[in-house]
Structures are given as structure tokens and as C-alpha cells.
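S.K.: below: sequence and its predicted model.
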Amino acid sequence: MWEQIRSNQIRSTVLVIAMAGLLLLLGYFLGELFLGSPVGGLIVALVIWGFMTLVAYFQGDSILLAVSGARRIGPEDHPRLYNVVEEMKIASGLEYMPAIYIIDDPALNAFATGRDPKRASVAITSGLLEKLNRDELQGVIGHEMAHIKNRDVLLMTMCGVLLGTIVILAYYASRILLFSGAGRRSSGRGGGGALPLIIIALVLMILAPIAAQLIYYAISRKREYLADASSALYTRYPEGLASALEKIGGSTVQLKTANKALAPMYIANPFRTGARALSEWTSTHPPLAERIRILRSMGGASYADYNAAFARTHKGGRSVIPASALAGTGAVGLRSPSPETMGEPSRLERHREVSDLLWKQSNYRTIECECGTRLRVPPGIKHSTVRCPHCGRNHSV
């Protein structure tokens, strides 16, 4: 897969440069319009782009995790999740174990971020952790591991920051143009020649964010197929990811912390709506129904099997897996689903696992009463004892 990774890195560089060029073009005309100097506008745009690129590269993952409300956990906090991540890390061939984060949100979703495999993180919502069984959780984690291995996460972070910069610059420039009288001042300086300049600047302010976001969407959609195929290869059980995507698609709970910059990072579009045709055109991800259909059409777990399944479900039979990846794997058979007798927790037990984890992260103490009641003691409580509401026993805190 090293050839595919190198190809991704080259395309990532080209796309980041293209988005930078779009930002510089916008800066050129805004500089002429507001500063009377296109060179000044270019310098300002270049400084903004350089600063935001450095921030995205060195601190982008921390920013995205903070914005999403994710909290880091260790092996002792949720052993089952840690074990699944470790399994997928080994299966994917990654050398370093990614950090694991939990987002306290009932929505079903997950994403990966990081500068490179040495500094990578996987974040999943509490709702996803509660609703998925082990096979489904493996499928989701395998998908995110593929994004880390293929260097997709750095690309999405970089493009997300550049997209945000372009949108913010265009937004404030349009407000200044409308309310500061810049148009009148430009007209006074340049006479009738200022009008075409104003029109060009307005068109750029409208089209630049749209063009940047369309590039952003195209990047994300193309990489989701390869991540799905990689997950099937790592787990040797494509039904696990298919079933997980089916549960995600069936959920009506919207992710509270989602925003447009983060949307392409998630395993499924957090802004799904009922208007399917329109949402699929503007979505950062391929349609969930299509992804599920491909996974369930696979006759094996290799990249070639995924590519064949993709060709069967699309007219024209085009290839979606790069040739280098197809040449790198042979036949890989499917495994059976994990038996429920192998310590798989029930849905109620998963709910308790997640609930205990979230209470612990909020620094609540847990007291087990002899009557079977579990008491949650908030941090900073001023009382020395708490009373069990069921049996009346007092417990020291």
C-alpha cells in the first residue's frame, strides 16, 4: 500500500496548493478593492494561509478533538473498546497505537484525526459505543484505522482549515463591502473602472467558498470507499461494518457537536436529512445505502472483492480501488461472525459500561450499596455521608 499512500500524499499536496491558490486569488481582488493594492491583498492572504496551515499541521488534531468535545480514555476506562482498537491496529499494520477518545453524545458516529500514524486519534460517540456489538465496532474502528494509514486524516484537517479561512475571509469581506462604503470609495478612486472590479470581487466572494467546499466534498467521498474496503480486509467480516452503517443510518439523533469543518471526518455525514436526493448530492460521504450494498455484495474480504462488488452495483463497472492496492493482496476469505458466547456484553451491559465511563469522566464517585443500588456522588459534595434512597443505609463519602 506504500504506493497508494505516496499517491495520496502527492494529491493532498496538489489539492492544498489549489485551495491556497483560490485563497490568493480572492486576496488579490479584495486587496485591490479595500487596500488599493492587489499585492497587499496577496500578502495578507498568504500570511493567513501560512499561519492557518501551520496551526492545522501542528495542532489541528487537538483543535478538532476539543471542538467535538472528545475526552481521552485509557485501557482501564473501557477495556473492550481498547481491545478492539488494538486488534485493528495490528490488523492494519500500523506501528503505533492511536489515542482513544469518547464524545458524550447519543448520536452514532466516529472519526479519526492526527498529523501522521505516530500522532493519531480515534474518537467515537457514546451512542455508537453503546449500540454496536463487537463485530460492528471492529468494522467502524477498521474504517478509521484505514484513514490513518492512508494519511487521509492530515489531508482533511489541512483542507478543513483552508476552507474555513476562505469562508471567513469572504464572509467578512462581503460585510465590509456592504456596510463600510468601500464600493463608493473605490468608485471615487477609479471612476467607472471600479465597477467591474467590484463585480469580480463579489463573484469571487460568492464562488470561492462554494468551489473550495466542492473540492472538500470530492476528496472525502473518494476516500470513503477505500476505507470501507480496508475495514473489510482488516476484519475479514464486511457484514460488521455494513450492519454498523445500517444502525447509523437508522438513527434519527443528530450530532450536537457537528459542524461543516468536521463533517467529512466522520464515518457518516452528521448532517443527514430526509431529502435524500439533495442531501446525497451535497453530502461529504457516499450514500449509506450504497456503501452497505457494496459491502454485502462482497464474495471475499480482499480489495479485489470490494472492487468487484462496487462494479456490480454501479453502471459502467468502473474501478474504485487503486491498481497498486489491487495488486498488493491475494484472495482473503470471509470469517464467521463472533459467537455471542465469547464474552459479548448484552445491550443493557453495554449501556452500563458507557454510563459508568461517562460518570467517571465527570469525576463522579460510585458507591455500591448492599441492597444493590449504585449511588453516584458528584465531585465537591459538602456532606460527609449519603443516604441510599432504597434501603436507607448511610454511606461515608
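M.R.: Happy to help now that I have it. Residues are numbered from 1 along each chain as shown.

S.K.: how about residues contacting stretch 354-370?
M.R.: The contact list for stretch 354-370, computed with Cβ atoms under 8 Å, 6 or more residues apart in numbering, reads 71, 73, 77-78, 102, 104, 126, 129-130, 374-379, 386, 388, 390-391, 393, 395, 397. In this view, the C-beta of every residue, glycine as well, is placed from N, C-alpha and C.

S.K.: correction: stretch 160-175
M.R.: 16, 19-20, 22-23, 26-27, 30, 34, 45, 48-49, 52-53, 55-56, 60, 64, 201-202, 204-206, 208-209, 212-213, 216, 260-262, 264-265.

S.K.: rewinding a little: looking at the contacts of stretch 354-370, which are in strands?
M.R.: 71, 73, 102, 374-377, 386, 395 (DSSP state E).

S.K.: can you put those residues in a markdown table and add distance to residue 250?
M.R.: Shown next, in a markdown table, are the ones in strands among the contacts of stretch 354-370 (distance: Cβ to Cβ, whole Å):
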| residue | distance to residue 250 |
| --- | --- |
| 71 | 27 |
| 73 | 27 |
| 102 | 22 |
| 374 | 31 |
| 375 | 35 |
| 376 | 31 |
| 377 | 37 |
| 386 | 40 |
| 395 | 41 |
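
S.K.: now the host helix or strand of residue 245, how far from the centre of its chain.
M.R.: If you go by DSSP states H and E, residue 245 is part of helix 238-250. Centroid separation for helix 238-250 versus its chain: 17 Å, with Cα atoms, centre = their mean, to the nearest Å.

S.K.: buried set for that helix?
M.R.: Within helix 238-250, the residues scored as buried using 16 or more other Cβ atoms under 10 Å are 238-249.

S.K.: can I get those in CSV with pLDDT and distance to residue 229?
M.R.: Formatted as CSV, the buried residues of helix 238-250 follow (pLDDT from 0 to 100; distance: Cβ to Cβ, whole Å):
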residue, pLDDT, distance to residue 229
238, 97, 9
239, 97, 14
240, 97, 14
241, 98, 10
242, 97, 12
243, 97, 17
244, 97, 15
245, 96, 13
246, 96, 18
247, 96, 20
248, 94, 18
249, 91, 19
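
S.K.: enumerate every residue touching the residue lying closest to residue 389 once chain neighbours are set aside.
M.R.: In space, residue 389 comes closest to residue 373 once its chain neighbours are excluded; the distance is 7.3 Å by Cβ to Cβ, 6 or more residues apart in numbering. Shown in contact with residue 373 (Cβ under 8 Å, 6+ apart): 388-391.

S.K.: tell me how far residue 373 lies from residue 352.
M.R.: 14 Å (Cβ to Cβ, to the nearest Å).

S.K.: hang on, residue 258 is in a strand, isn't it?
M.R.: No - counting by DSSP: H, G, I helix; E, B strand; the rest coil, residue 258 falls outside a strand, being coil.

S.K.: so who does it touch?
M.R.: Per Cβ under 8 Å, 6+ apart, neighbours of residue 258: 109, 266, 270-271.

S.K.: most surrounded residue in the residues you listed?
M.R.: Neighbour counts for the contacts of residue 258 peak at residue 109, which has 27 neighbours (criterion: other Cβ atoms under 10 Å).

S.K.: pretty sure it sits against residue 129.
M.R.: No - counting by Cβ atoms under 8 Å, residue 109 stays clear of residue 129, with 10.9 Å between them.

S.K.: identify all contacting residues around stretch 127-140.
M.R.: With contact meaning Cβ under 8 Å, 6+ apart, stretch 127-140 is reached by 78, 80-81, 84, 87-88, 102, 105-110, 124, 231-232, 234-235, 237-244, 247-248, 251, 253, 267, 337-338, 344, 347, 350-351, 353-354.
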